[in-house]
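1. Give me a model of this one.
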Amino acid sequence: MTKGDENRGVRLRIVLDRDIAFGPGKADLLEGIAATGSIAAAGRRMGMSYKRAWTLVESLNASFREPLVESSRGGAQGGGARLTRTGARVLDLYRSIEAEAERTSRGEIAAMRRLLRDMSNGK
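-> Predicted coordinates for the structure are as follows:
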């Protein structure tokens, strides 16, 4: 989760098939991989263990027709990871859906927030 996301009105989890869902955590992980070139570094940015990040990447790669992330092992040139064209497309589609949901529900979210209990006084 990036700074400021905790105040976002919409964080979607999209169920694509019976056992396949894509949501904010997977989207943030893909963004982290794109930014850092590393699955481990992307996981660390999110406070996620290396094993958990790898498990999510393996799950994503197995769920789609084409892998979303390509990785290479370390060695003399060092390892790394990058989004494939399909990975970038899935991330773009998800962020587009999220933005549209945010845009179209702005009024309803504001109305719900007005119904919240005032927590600023510690009660």
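2. in the protein, which spans are strands?
-> Here the chain has its strands, by DSSP state E, at 14-17, 20-22, 69-72, 80-83.
3. partners of the second one, with directions?
-> Right, strand 20-22. Here strand 20-22 is paired, per DSSP bridges, with strand 14-17 (antiparallel).
4. start to end distance for stretch 11-26?
-> Terminal residues of stretch 11-26 lie 12 Å apart, using CA to CA, to the nearest Å.
5. Now it: buried residues?
-> Neighbour counts over stretch 11-26 (16 or more other CB atoms under 10 Å) mark R11, F22, P24, G25, K26 as buried. In short, each C-beta sits where N, CA and C put it, glycine included.
6. Need the residues that contact it.
-> Here stretch 11-26 makes contact (CB atoms under 8 Å, 6 or more residues apart in numbering) with M1, D5, M46, L56, L60, S63, V90, Y94, I97, E98, A101.
7. Of the buried residues of stretch 11-26, which belong to helices?
-> The helices, defined by DSSP state H, take in P24, G25, K26 from these.
8. now the first one: how far from R85?
-> I take that to be P24. As judged by CB to CB, to the nearest Å, P24 and R85 stand 22 Å apart.
9. Over to the last one?
-> For K26, the distance to R85 equals 17 Å [CB to CB].
10. Alright, calling it a day.
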